[in-house]
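> Dropping the sequence and predicted coords here.
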Amino acid sequence: QVQLQESGPGLVKPSQTLSLTCTISGASITASYSYWSWIRQSPGKGLEWLGSVSYSGNTYSGASLKSRAAISRDTIKNQFTLQLTSATPEDTAVYYCAGSLVGLYDYWGQGTQVTVSS
């Protein structure tokens, strides 16, 4: 079955870059018409889409992040990454990676807590 696993530091200092990696198993990141996304949930808030990378390598980022987010992929390692520059305490959240193969967000990672604090 398809599984996604987030990895990265749980604590980031303000102004540093928040970097997370999602490792996919059970499916290829290049599977036709698949999309792979980063989503977060901040304390007391709903889910926020951060960005996605498509099966063909096209990337998309949420406008709310004002160009701070970059999504990339490694087809050899079957991974995709999120880099969020100039982190602030408002970026503290549980970060999820999700895969859309048949429907929207069919598969989710378990989530990883990231805290931005000095």
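Structure received. Numbering: from 1, shown residues only.
> Please state the backbone phi and psi of Pro89?
When quoted as degrees, to the nearest 10, the phi and psi of Pro89 stand at phi -60, psi -20.
> Any idea what the closest residue to it other than its chain neighbours is bridged to?
Using Cβ to Cβ, 6 or more residues apart in numbering and skipping the chain neighbours, the partner closest in space to Pro89 is Val116 (5.0 Å). Just so you know, the C-beta spots here come from the backbone N, C-alpha and C atoms, and that holds for glycine as well. In this entry, Val116 is beta-bridged to Val12, by DSSP bridges.
> Okay, Val116 and Leu4: tell me how far apart.
Going from Val116 to Leu4 by Cβ to Cβ, to the nearest Å gives 23 Å.
> can you tell me how far the residue nearest to Pro89 sits from Gly8?
In this view, Val116 and Gly8 are 13 Å apart by Cβ to Cβ.
> so which strand or helix has the residue nearest to Gly8 when sequence neighbours are not counted?
Counting by Cβ to Cβ, 6+ apart, Gly8 lies nearest to Leu20, which is 3.8 Å off, once chain neighbours are set aside. Assigned by DSSP states H and E, Leu20 belongs to strand 18-25.
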